[in-house]
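*Asks:* Just the structure for this:
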Amino acid sequence: MILQVGADAPDFELLDENETPRKLADYRGKPVVLYFYPKDDTPGCTKEACNFRDDYSAYQQVGVEILGVSPDTPKSHTKFKQKFDLPFPLLADTEKEVLNAYGAWGKKKSFGREYDGVLRTTYVIDGEGKIAKVFEKVRPAQHSEAVLDVIKDL
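*Replies:* Model prediction:
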């Protein structure tokens, strides 16, 4: 179930691409863009990650951290991050616990087939750890611009 604006963002601890544990609580005091994506090095996910990369300096200027989360392994994240020169951490949720906690795992349909998978979702979390904005059914190509528009209003 998608979390609502104003709710507390569930804390978590996941390994990044270097197998370093990262906790959401470590970012308290700063806004965080927490984006959930299906798979490293696939067309839509690459487009989304590269858009965040291309706008990264704008996020840094306003003190916003970006964290990408998928069920891929740290090793997969390392390759993806290096291949596309991504400047932000990618977190491995191989057990799908954080995906489930944020409502970003569920039923999907493709070509008449139903299956469980990552629901491309982004949360903007304020410095107090509250959900400030939720983006569901994200369109990867224009997504970073839409997130930046929201952040300007925080």
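*Asks:* Only C-alpha atoms from now on, for both contacts and neighbour counts.
*Replies:* OK.
*Asks:* Find the centremost residue of the protein, please.
*Replies:* residue 35 (1.5 Å; Cα atoms, centre = their mean).
*Asks:* Need the residues that contact the helix or strand where that one lies.
*Replies:* Assigned by DSSP states H and E, residue 35 falls within strand 32-36. Contact with strand 32-36 is made by 64-70, 99, 104, 118-127, as judged by Cα atoms under 8 Å, 6 or more residues apart in numbering.
*Asks:* same deal with stretch 95-109?
*Replies:* The contact list for stretch 95-109, computed with Cα under 8 Å, 6+ apart, reads 1-3, 10, 12, 36, 70-71, 93, 114-121.
*Asks:* on that earlier part again, just the contacts of strand 32-36: which are in helices?
*Replies:* With DSSP state H as the criterion, helices contain residue 99 from among those.
*Asks:* follow-up on the earlier one: what is the residue nearest to the centre of the chain paired to in the beta sheet?
*Replies:* residue 68, residue 122 (DSSP bridges).
*Asks:* Show me how far the lowest-mean-pLDDT helix or strand in the chain is from its chain's centre.
*Replies:* Least confident helix or strand, the chain: strand 105-110 with a mean of 88, by mean pLDDT, DSSP states H and E. Averaging C-alpha positions (Cα atoms, centre = their mean, to the nearest Å) puts strand 105-110 18 Å from its chain's average.
*Asks:* and that strand with strand 32-36, angle?
*Replies:* The directions of strand 105-110 and strand 32-36 differ by 50 degrees, with axes from the mean of the first three to the mean of the last three Cα atoms, to 10 degrees as the criterion.
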